[in-house]
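[1] the amino acid sequence is not available; the structure is as follows:
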C-alpha cells in the first residue's frame, strides 16, 4: 500500500513512494505515469512524479523512488504537484496504477508502454481534522451540528 500525506500547514508536502519496479520497466529514460482513482468518487487523476530515481542503478537494488508533492490548492500534474484532500479527490483510499511512460511529459494512459504496478493508496490528512462542526443556531433546545467537509 502506498501512503500519501497532505499537510495543511505546508503548501507542498513531499511524499516518497518506494516500489519494486526496477525489473518491471524496460527503460528508465522517462518518469512513469501515475494514475490515482478515488474509491469514493471514482474520479481519476493522472500525473508524473517530480523526481524519479533508482537508489543505485549499478547494483540494481530493484526499487525505484517516485517523489510527488501533495498540495493544498494548486497543482502541476506534469511537475509532480497534485491536489488531494478535496471534495472531488477526498482523503481515503485510491486505486493506484503506474505505467511505463514513452515521453517525459505524457499524461495519457493510451500513450504509455505498459502497466508496471497496480495497488492501493491511502491519502491521509496531517494538521487537519478533515471535518469541522458548526453549531446550528436554530430554536431546537439541543444543539444540532452541521458538517463541513473542508
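    All right, it came through fine. Keep in mind the model is a prediction, meaning the values are calculated, not measured.

[2] residues in contact with residue 21?
    For residue 21, the contacting residues are 32, 63-64, 98, 116-117, by C-beta atoms under 8 Å, 6 or more residues apart in numbering. In short, each C-beta sits where N, CA and C put it, glycine included.

[3] residue 8: which of those residues is nearest?
    Nearest to residue 8 among the contacts of residue 21: residue 98, at 26.9 Å, using C-beta to C-beta.

[4] tally of neighbours for that closest one?
    The tally of other residues near residue 98 (other C-beta atoms under 10 Å) stands at 24.

[5] just residue 53 next, same as before
    By the criterion of other C-beta under 10 Å, residue 53 has 13 neighbours.

[6] hang on, the earlier thing: quick one: least confident of the contacts of residue 21?
    Lowest in pLDDT among the contacts of residue 21 is residue 63, which has 78.

[7] from residue 53, how far off is that one?
    Distance, residue 63 to residue 53, by C-beta to C-beta, to the nearest Å: 10 Å.

[8] quick one: residues contacting residue 101.
    30-33, 48, 112-113.

[9] now, the most widely separated pair of the residues you listed?
    Taking C-beta to C-beta as the measure, these span a maximum distance of 14.4 Å, between 48 and 113.

[10] of the two, give the one with the bigger neighbour count.
    The residue with more neighbours, out of residue 48 and residue 113, is residue 48; 26 against 17, by other C-beta under 10 Å.

[11] return the per-residue confidence for that one.
    Looking at residue 48, its pLDDT reads 97.

[12] mind listing what the residue nearest to it when sequence neighbours are not counted touches?
    Nearest residue to residue 48, sequence neighbours excluded (C-beta to C-beta, 6 or more residues apart in numbering): residue 31, at 4.9 Å. When contacts are counted by C-beta under 8 Å, 6+ apart, residue 31 touches 48-49, 52, 66, 101, 104.

[13] 10 Å instead, please
    For residue 31, the contact set (C-beta atoms under 10 Å, 6 or more residues apart in numbering) comprises 47-53, 64, 66, 78, 80, 100-101, 103-106.
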